[in-house]
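> based on what follows, work out the 3D shape:
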Amino acid sequence: MKFNLEATDKTTSARAGLVTTDHGEIPTPVFMPVGTAGTVKAVHQHELKNEIKAHIILGNTYHLYLRPGMEVLEGAGGLHRFNGWDKPILTDSGGYQVYSLSQSRKIKEEGVTFQSHIDGSRHFFSPEKAMDVQRQIGGDIIMAFDECTPYPCDYKYAKKSLAMTHRWLKRCCDHFDNTSGLYEYNQTLFPIVQGSTYPDLRKESAKVISDFGREGNAIGGLSVGEPHEAMYEMTGIVCEILPRDKPRYLMGVGTPENLLECIALGVDMFDCVLPTRNARHGLLYTSEGIINIKNQKWKSDFSAIDENGPCSTSRNHSKAYLRHLVHSKELLGAQIASLHNLSFFLWLVTEARNHILAGDFASWKKEMVEKVTRRL
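Prediction:
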């Protein structure tokens with residue numbers, strides 16, 4: 001994997017760059033739709049490529065490991081061939097899902113024992129196992145196995161957890177470097193900065209991560225319930241330390257406002273389930289603000305869902321029609337809403353990139369933050 005930094009904004013830390021993988025190029029800033037179980041919910045691959053114009057999607061290691069399982073994925077030739085997506089894929093390590101299974105997992109130095117949410121069966125992930133599973137899934141970019149601490153988190157626990165995450169990172173890197181990919185393309189390992197909302201721990205972790213010298217770096221453990229101001233503070237601290245010439249990936253973030261604020265802090269890559277999850281509940285992000293399509297006010301509104309939006313589907317269907325579909329629990333409602341939200345998120349980061357290259361990102365961002373936070 002290669003990263004070329006093309007431009008940096010004059011008044012913020014926003015950057016435009018280009019990540020190159022064996023499955024294609026990724027212009028940054030970039031938003032990565034989440035394909036938890038090998039599919040982005042309610043969206044077909046040809047729509048991801050042609051309508052949404054996604055450059056990269058995510059696969060979830062925990063879920064894919066449990067179902068369909070490694071035998072099926074390796075037999076198919078990896079996730080790209082299994083789901084028919086021929087562009088880059090990033091896989092998480094399963095660490096966040098293990099964090100969310102707090103009632104059914106046990107963490108030790110060796111790794112984590114957890115129970116399947118599907119059938120209650122017990123499984124064990126070590127840093128080495130996480131590398132092997134991601135090798136089998138076949139992500140272009142794979143993530144180190146870490147512990148994602150909750151919020152709020154006791155300082156003593158956060159410090160102890162961080163030390164273990166760094167030890168686990170060493171094991172991940174050693175195992176990754178001593179093994180080969182199973183398919184005919186290269187894979188890249190990203191370490192993950194942790195440290196909860198404690199500035200000294202975040203600084204320590206960013207320095208340790210940087211010293212590993214990998215091709216890119218991630219920021220984890222944020223967007224787990226902390227105030228947005230704390231997320232921005234920790235992100236800014238970390239971005240000041242992480243290498244300038246390597247991509248920075250903020251995991252699990254976030255709303256359109258979060259994306260714009262964190263792009264301004266120097267983040268290059270984002271992912272979040274929010275656009276599709278909220279779409280299924282009728283919450284739409286548009287070029288003029290946020291719409292709850294379930295509200296009575298849209299019942300007889302026959303104007304386009306987003307007349308000036310990037311998605312042709314939402315320009316060709318009315319608010320009244322989408323409201324009817326959502327209230328009727330028709331599958332098409334979730335499809336149209338998901339297609340719309342993802343198109344908007346991808347458009348937003350592409351516009352951010354264009355304005356960074358043009359040199360007027362700061363003024364554009366100020367205007368856009370006001371729009372994307374407005375309730376219609």
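
> care to break this structure down by domain?
2-272, 273-376 (automatic domain parsing).

> any idea which residue of the chain is furthest from its center?
Going by CA atoms, centre = their mean, the residue of the chain most distant from its centre is S300, 35.9 Å out.

> that one and I52, how far apart?
S300 sits 29 Å away from I52, going by CB to CB, to the nearest Å. In this view, the C-beta of every residue, glycine as well, is placed from N, C-alpha and C.

> then T179?
With CB to CB as the criterion, T179 and I52 are 34 Å apart.

> what about the stretch 51-200 of the chain, any weak spots by pLDDT?
98-99, 102 (pLDDT under 70).

> helices of that one, start to end?
With DSSP state H, counting those that start in this stretch as the criterion, the stretch 51-200 of the chain has helices at 61-66, 70-76, 79-83, 95-100, 127-137, 155-177, 199-211.

> angle of the fifth one against helix 155-177?
Calculated by axes from the mean of the first three to the mean of the last three CA atoms, to 10 degrees, helix 127-137 forms an angle of 50 degrees with helix 155-177.

> now helix 127-137, how far from the centre of its chain.
In terms of CA atoms, centre = their mean, to the nearest Å, the centre of helix 127-137 is found 19 Å from the chain centre.

> same question, the first one
Distance of helix 61-66 from the chain centroid (CA atoms, centre = their mean) equals 16 Å.

> so which elements touch it?
Packed against helix 61-66 by the contact rule (3 or more CB pairs under 8 Å, 6 or more residues apart in numbering; DSSP states H and E) you find helix 95-100, helix 127-137.

> quick check: which of the ones you listed is nearest to Y151?
helix 95-100 (10.9 Å; CB to CB).

> with adjacent residues omitted, what lies nearest to the residue farthest from the centre of the chain?
A320 (5.7 Å; CB to CB, 6 or more residues apart in numbering).

> so where does the one you found fall, helix or strand?
helix 319-327 (DSSP states H and E).

> could you do T20 as well?
Assigned by DSSP H and E, T20 falls within strand 15-21.

> partners of the helix or strand following that strand in the sheet?
Going down the chain from strand 15-21, the next helix or strand is strand 24-28, by DSSP H and E. According to DSSP bridges, strand 24-28 forms sheet pairs with strand 15-21 (antiparallel).

> list the buried residues of the strand it pairs with.
R15, A16, G17, L18, V19, T21 (16 or more other CB atoms under 10 Å).

> contacts for it, please.
Strand 15-21 is contacted by residues 1-9, 25-30, 88, 140-141, 185-186, 188, 216, 247, 266, 268-269, 353, 356-357 when judged by CB atoms under 8 Å, 6 or more residues apart in numbering.

> max-length helix in the protein?
When the chain is scanned for its longest helix (criterion: DSSP state H), the result is helix 331-358.

> number of nearby residues for G24?
13 (other CB atoms under 10 Å).

> and K53, by the same measure?
14.

> give the contact list for the closest residue to H123 other than its chain neighbours.
Of all residues not flanking H123 in the chain, F114 sits nearest, at 5.9 Å (CB to CB, 6+ apart). By CB under 8 Å, 6+ apart, the residues touching F114 are V98, L101, S104, R105, K106, R122, H123, F124, F125.

> just those now: which is nearest E330?
The nearest member of the contacts of F114 to E330, counting by CB to CB, is L101 at 32.9 Å.

> number of residues surrounding that closest one?
So L101, with other CB under 10 Å, has 15 neighbours.

> thought it was touching H117?
Yes - under the criterion of CB atoms under 8 Å, L101 makes contact with H117 at 7.1 Å.

> mind listing what V72 touches?
Applying CB under 8 Å, 6+ apart, the residues near V72 are F82.

> 6 Å - rerun?
Applying CB atoms under 6 Å, 6 or more residues apart in numbering to V72 gives no contacts.

> any idea how far it is from R122?
Counting by CB to CB - V72 and R122 are separated by 21 Å.

> picking that back up, which of the helices and strands packed on helix 61-66 sits most buried?
helix 127-137 (a mean of 23; mean count of other CB atoms under 10 Å).

> what is the end-to-end distance of stretch 247-260?
Using CA to CA, to the nearest Å, one end of stretch 247-260 lies 17 Å from the other.

> what is the burial count for the closest residue to A230 other than its chain neighbours?
Nearest residue to A230 in three dimensions, chain neighbours excluded: T197, at 4.7 Å (CB to CB, 6+ apart). Neighbour count for T197, taken as other CB under 10 Å: 22.

> swap in D306?
D306 has 22 nearby residues by other CB under 10 Å.

> skipping adjacent residues, who's closest to it in space?
Nearest one to D306, counting by CB to CB, 6+ apart, is T286 at 4.3 Å.

> tally of neighbours for that neighbour?
23.

> so it makes contact with E307?
No - T286 is beyond contact range of E307, at 9.1 Å (criterion: CB atoms under 6 Å).

> where does the residue farthest from the centre of the chain sit: helix, strand or coil?
coil (DSSP: H, G, I helix; E, B strand; the rest coil).

> and for I290?
Following three-state DSSP, I290 is assigned to strand.

> neighbours of the nearest residue to it once chain neighbours are set aside, just the number please.
In this structure, I290 finds its nearest non-sequential neighbour in R375, 5.3 Å apart by CB to CB, 6+ apart. Residues lying near R375 (other CB under 10 Å) number 7.
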